[in-house]
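J.: requesting a structural model of the entry that follows:
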Amino acid sequence: MERLTKIETTVNNMQDMVKQLVEVSKSQPTPQQYSQEHWNAIQQIITAQRELAEAQHNHQIAMIKNMVDARYKDTQADIKAIREALTKMTGTTPTPIFRDDDDQDDAKKGEKHDMKKFRRPTPKKKPTKKLEPEKKFSPATDETFDRKEKGS
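T.: Residues are numbered from 1 along each chain as shown. The predicted model follows:
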């Protein structure tokens, strides 16, 4: 009998342990909950990185703008100094060569011009066109005639 009670108590203990395991497994988060928690943590890091990158970009753009503005002012000062030197030497103001066309970008014009000539062979002689006499169309007679012949 003693053996039977020992077995019963062991079985009861095992049942209690299984119940405890089931309760603990129910209270544990699911894999979806784990992934959501990790995503929330990582999303904060990604947001912080984006904000930092944007701040760095804005700082670099501001530095470039300052550099370009300073270079523009230096160039304008150089142009003014050259004009003054020419005025002192010649006694007259030189005609302005530089124009401020806001609607045209010289850099883009140069790029387009360069791309037109890209990979084209350079001819040794420029081809000459042979000019033919002009021909006109006469709607009354549906014929073409030479200007030289009609004398017009």
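J.: where exactly do the helices run in the chain?
T.: Here the chain has its helices, by DSSP state H, at 2-27, 31-90, 106-116, 147-150.
J.: pLDDT on the third one, on average?
T.: Taken as a whole, helix 106-116 carries a mean pLDDT of 58.
J.: reformat the helices of the chain as CSV; add mean neighbour count.
T.: Using the backbone N, CA and C atoms, a C-beta is placed for each residue, glycine as well. CSV is the format used below for the helices of the chain (neighbours: other C-beta atoms under 10 Å):
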stretch, mean neighbour count
helix 2-27, 9
helix 31-90, 10
helix 106-116, 9
helix 147-150, 9
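J.: rank these by pLDDT, which is bottom?
T.: helix 147-150 (a mean of 50).
J.: what about residue 46, distance to residue 39?
T.: With distances taken as C-beta to C-beta, to the nearest Å, residue 46 is found 10 Å from residue 39.
J.: can you check residue 12 too?
T.: Distance from residue 12 to residue 39, by C-beta to C-beta: 43 Å.
J.: then residue 23?
T.: Distance from residue 23 to residue 39, by C-beta to C-beta: 28 Å.
J.: go on, residue 61?
T.: Distance from residue 61 to residue 39, by C-beta to C-beta: 32 Å.
J.: do residue 53 as well
T.: Counting by C-beta to C-beta, the gap from residue 53 to residue 39 is 20 Å.
J.: can you check residue 77 too?
T.: 56 Å.
J.: ok, residue 31 next?
T.: 12 Å.
J.: how about residue 85, what does it touch?
T.: Shown in contact with residue 85 (C-beta atoms under 8 Å, 6 or more residues apart in numbering): no residues.
J.: use 36 as the first number for this chain going forward.
T.: With the count now opening at 36, the last piece we talked about shows up as residue 120.
J.: from residue 114, how far off is it?
T.: 11 Å.
J.: with residue 92 instead?
T.: For residue 92 relative to residue 114 (C-beta to C-beta), the value is 33 Å.
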